[in-house]
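Visitor: Using only what follows, build the 3D model:
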Amino acid sequence: MARKRKKGKSIFTEFKEFINKGNAFMLAVGVVIGGAFSAIVTAFVNILLNVATWAVPGGLKGFVTVLPAFPGSPAQAGATFLHAGEIIKVNQINVSDVNSAVIEFAAAQGRTDLTVNSSDFNQWKDSLLKLYTLHGTTWTYNMSAVIDWGALLTAIISFLIIALVLFIIVKVVAIAAAKKAQLEEKAREAYYEKHPEDRPVPPEPGVPEPTEVELLKEIRDALVKKAE
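Guide: Just a heads-up that it's a prediction; the model follows:
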């Protein structure tokens, strides 16, 4: 029992030491900052692409491709409520397509007397639109296969921007490290010029460097000789 407690305490101590290390803390900070930076880049790219696709109907969110429904699939069955297939085209100028689709949707379920002025028209409209997702100016059936080119383009550009920023950061850090090593080397050479006796003797060519065991033996022999 005491051994288990000691083992648990040892694991907790190791974990605590790991958490308290600067590298682990800096890694956690880097992950948080990286996530926030990624969100900023994605929002910035969305703004740029929305401006670039201003003239496109539906803008960036409307930059999608709806694949044809496979025969006998739920997407095709759900789209039978609409004459236009699984896509309802609607915008602020012409909303009659949605209204007529709602009437067709209600008629397919037995409500043939529904009109735009009916008291429960909005309920039928909400029931229909819950089955669809708005992509720009297009309502797309939820069970349809959709290729969102806008999201793909945003992800690619965001990745390129983040990769470029990381490359610049790594390059700057490498240059700073090389500069620091160069300054340290100059400082070391300046010290050895003033104190040549402290300069380490380079190993003779062809002579292998002493192993750790050999160095320990030399230290032991020196201590024994000094004690005598």
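
Visitor: Please make it C-alpha for all contacts and neighbour counts, starting now.
Guide: OK.

Visitor: any idea which helix or strand comes after the helix or strand encompassing F12?
Guide: Following DSSP states H and E, one finds F12 within helix 2-20. Next helix or strand after helix 2-20 toward the C-terminus (DSSP H and E): helix 22-52.

Visitor: All the strands of this structure, in order from the start?
Guide: Using DSSP state E, the strands of the chain run over 64-66, 87-89, 132-135, 138-141, 146-148.

Visitor: Let me know the average pLDDT across the last one.
Guide: Going back to what we said before, that points to strand 146-148. Across strand 146-148, the average pLDDT comes to 83.

Visitor: what's that strand in contact with?
Guide: 63-67 (C-alpha atoms under 8 Å, 6 or more residues apart in numbering).

Visitor: How far does it sit from its chain's centre?
Guide: 20 Å (C-alpha atoms, centre = their mean, to the nearest Å).

Visitor: quick one: strands adjacent to it?
Guide: Applying DSSP bridges, strand 146-148 is found paired with strand 64-66 (antiparallel).

Visitor: Most tightly packed of the strands of the chain?
Guide: strand 138-141 (a mean of 22; mean count of other C-alpha atoms under 10 Å).

Visitor: And that strand, what does it pack against?
Guide: strand 87-89, strand 132-135 (3 or more C-alpha pairs under 8 Å, 6 or more residues apart in numbering; DSSP states H and E).
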